[in-house]
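1. A predicted structure for the sequence below; I have some questions about it.
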Amino acid sequence: MSDESFISIKNISKHFGDVRACDDITFDIRRGEFFALLGPSGCGKTTLLRMLAGFETPTMGEIFIDGQPMAAIPPYERPVNMVFQSYAIFPHLSVAQNIGFGLRKDKLSKAEMDKKVDEALDLIAMAGYGGRGADELSGGQRQRVALARALIKKPKVLLLDEPLGALDKKLREQMQLELRDLQREVGITFVFVTHDQEEALTMSDRIAVMRDGKALEIDGPVDLYEKPKTPFCADFLGTMNFFEGSIDAIGGGEATVKTTEVGTIKSTGPNMNFSTGDAVSAAIRPENMKISFDKPTSGSFMEGKVRASAFLGDRAHVYINVEGRKDPVLTAMQNMGGAASRVGGDDHTVWLTWSDESVILLPQE
Amino acid sequence: MKKTKFGTLGVYTVLYLAFLYVPVLFIPLFSFNDSIYIAFPLKEFTLRHYADMIEREPLINALYNSLKVGIVVSIVSTVFGMLAAKTFTKYRIPGSKSLTAFISIPLVIPLIILGISLLTVLKSVGVTLSLITIGAAHTVICIPFAMFVLISRLEGFDKSMEEAAQDLGESPWMTFWRVTFPLAMPGIIASLLLCFTISFDEFILAFFLGSDEPTLPLYMWSQLRFPAKLPSVLALGSVIFITSFFLVCFAEWVRRRGVQTQTGSAI
């Protein structure tokens, strides 16, 4: 056991009848890390989390936490605690009783117990709420109580199942930061499940992107976003313009892709381990494609016509029809100084420019 | 227009309630009537039927028998109902639908058939008929009621409650006592009351499986032949009627208070 592999997931599979919820997953989670399991619904992320908690038994494979094999250990003896999606606050108990629920086995005196509960209430900024009933709490407060109830046990790992899913947008953004701060404060390893890519990017040290029961890519948020290795990941985290084609020439950190729709695109970006003739997609993020109203004299560019634009306040999405291409190319621009209003009406001829560095080569699916 | 509609509906409501309750109200009415005949016109007001009732030892014994059987049956049925309900709501059992249907068969078998078949079985294995055999038969018909009441209660609350308790270090056994049981409390009370009521006024099974110790319905039926003794049966009926009225009110009160009182208790 090392800090690098504090949690070790080894060849874990879970089958429900014919459905492979998890299919031979192997990766490690580091000590003290804020780790996200990200994927669309049905990708197996919740099943994996429930196997860490002990509520599901792996069909195959093994899980180690802090060097200890988990196979024979029931949920109530594992050094992990969980924040449930529904928060599962006990409705027949007060806030203080909910938070102190897990302390029964510690055989504390009443005074010690009260002290611990008060400390936990302080931690979640709910001092004085101990006597309230569970039904008197708001959504955000329920979430905090669920957190305090789990953290008071001082687990080695805290598991969170869509912890912010039930909250409204403003509260969710606030809780993202609070959770992040809380995790740094207590220093416990957090593993959380989410389908919200923004949430994963904001909060996590590392993210495992999952699909169809497999962990496709595991990396930090910046690397995952800027250097994705699979088209799924590139598309799931943020949005992406894909130009399909094949490698025309490659070498020296440079490649040209002969696309089927828009001519050749040059790349000096990541993922250069292809050979000539490989079917690839040249992928460019919308925010890396800039709109120019005059024909550029140098660099890479393509001509197009404005098809539609969507004004989002701080930024605007502009859809550009490019000749020969079926789907419009999406660009995102910051609405700095009212820039979005200058894009003009439909059918306006514009040029899209980008830097070759921002072109990511991805294998085709 | 609106008023007419309300008027029609009002008449309907009054008739409806009258249909339900007027026959029942004759019992207390005649229990205070100073005559041994249950007939109009009414005579003077009296409490002597109530005094008779208290002095009639066989009647009090029968009441005591019924209470004994009812209480034991309601507890035993609720325990077994709880076990079944827990199983059906927790595990995905293959064929659980047909299994619940199978358990509820006693609900649809005519009691007279059930009574005869139970009598045949018990006689053939040489069991002596007593209050115990009545209780056992009542348990057979009460378990399905208990089970359905408890299934609907257990299905009503979030399953992750129990997982949360386990996650916080409680074994399945302690999880049951600290989470499932308190959450199922309203269902448990409902089940106890329902089973008690079913057993308390059940006649046919008690008739087939009883011995010389009668339950209250058996005793009352046997007294119908003696007009002189009927008024005190009416007095007892009134007492039971009033008691069950307050019992139901009490149960409802407990159910509504349930969550609040438990919030105030110690961890």
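-> Structure received. All values derive from a computational prediction rather than experimental measurement.

2. remind me, longest helix of chain A?
-> With secondary structure taken from DSSP state H, chain A has its longest helix at helix A:169-186.

3. Find the residue at the geometric middle of chain B.
-> Note on chain B: the residue nearest the mean C-alpha position is B:Thr197, at 1.7 Å, using C-alpha atoms, centre = their mean.

4. Quick check: the residue nearest to that one when sequence neighbours are not counted vs chain A, distance?
-> Distances taken as C-beta to C-beta, 6 or more residues apart in numbering or on different chains put B:Ser244 closest to B:Thr197, at 7.3 Å, once the chain neighbours are dropped. For every residue, glycine as well, the C-beta is placed using N, CA and C. From B:Ser244 over to chain A the distance is 28 Å, taken as C-beta to the nearest C-beta, to the nearest Å.

5. mind checking which helix or strand the residue nearest to the centre of chain B is in?
-> Element membership of B:Thr197, judged by DSSP states H and E, is helix B:181-200.

6. how about the nearest residue to the residue of the stretch 201-350 of chain A found nearest chain B, chain neighbours excluded?
-> Closest contact between the stretch 201-350 of chain A and chain B, by C-beta to the nearest C-beta, is at A:Gly213 (20.5 Å). Once flanking residues are discounted, A:Gly213 sits nearest to A:Asp23: 3.7 Å by C-beta to C-beta, 6+ apart.

7. where in chain B is pLDDT low?
-> Applying pLDDT under 70 to chain B flags the ranges B:1-6, B:254-267.

8. Run through the helices of it in chain order.
-> Secondary structure of chain B (DSSP H): helices at B:2-31, B:48-55, B:57-90, B:96-103, B:105-108, B:111-124, B:131-156, B:160-167, B:172-175, B:181-200, B:204-209, B:216-223, B:230-264.

9. same deal with chain A?
-> Taking DSSP H to define them, one finds helices in chain A at A:45-53, A:95-100, A:110-123, A:139-151, A:169-186, A:197-203, A:221-226, A:231-236.

10. right, and these - which one's nearest chain B?
-> So among the helices of chain A, helix A:95-100 is nearest, using C-beta to the nearest C-beta, at 4.7 Å.

11. Figure out how far the closest one is from the centre of its chain.
-> 31 Å (C-alpha atoms, centre = their mean, to the nearest Å).

12. which residues does the closest residue to chain B within the stretch 251-365 of chain A contact?
-> Nearest residue of the stretch 251-365 of chain A to chain B: A:Glu365, at 35.0 Å (C-beta to the nearest C-beta). Applying C-beta atoms under 8 Å, 6 or more residues apart in numbering or on different chains, one finds that A:Glu365 lies in contact with A:Pro231, A:Phe232.

13. Contact partners for the residue in the stretch 151-300 of chain A positioned nearest to chain B?
-> For the stretch 151-300 of chain A and chain B, the shortest gap (C-beta to the nearest C-beta) falls at A:Lys153, measuring 6.5 Å. Contact partners of A:Lys153, counting by C-beta under 8 Å, 6+ apart, are A:Asn81, A:Gly102, A:Leu103, B:Leu168, B:Gly169.

14. Count the residues that sit near the fourth one.
-> Around B:Leu168 there are 28 other residues, counting by other C-beta atoms under 10 Å in any protein chain shown.

15. For it, which non-adjacent residue is spatially closest?
-> Closest to B:Leu168 by C-beta to C-beta, 6+ apart is A:Gly102, at 3.5 Å.

16. so that neighbour touches B:Gln166, yeah?
-> No. Using C-beta atoms under 8 Å, A:Gly102 is not in contact with B:Gln166; the gap is 10.4 Å.

17. Which residue is the nearest non-sequential neighbour of A:Pro296?
-> Once flanking residues are discounted, A:Pro296 sits nearest to A:Thr353: 5.4 Å by C-beta to C-beta, 6+ apart.

18. I figured that neighbour was touching A:Lys290, is that so?
-> Yes. Counting by C-beta under 8 Å, A:Lys290 is a contact partner of A:Thr353 at 5.1 Å.

19. so where's the stretch 1-150 of chain A shaky on pLDDT?
-> Applying pLDDT under 70 to the stretch 1-150 of chain A flags the ranges A:1-2.

20. before we move on, the earlier item: the contacts of A:Lys153: which two are farthest apart?
-> Spanning the widest gap among these are A:Asn81 and A:Leu103, at 12.2 Å by C-beta to C-beta.

21. Settle it for me: which of those two has more neighbours?
-> Neighbour totals were compared for A:Asn81 and A:Leu103, and A:Asn81 leads with 27 against 20 (other C-beta under 10 Å).

22. Nearest residue to the more buried one in space, ignoring adjacent ones along the chain?
-> Using C-beta to C-beta, 6+ apart, the closest residue to A:Asn81 is A:Ala150 (3.7 Å).

23. among the helices of chain A, which is the most enclosed?
-> Across the helices of chain A, the average number of neighbours (mean count of other C-beta atoms under 10 Å in any protein chain shown) peaks for helix A:95-100, which reaches a mean of 26.

24. so does that helix get close to chain B?
-> Yes. Counting by C-beta under 8 Å from any C-beta of the partner chain, chain B has neighbours in helix A:95-100: A:Ala96, A:Gln97, A:Gly100.

25. Since that was my last question, I'll sign off now.
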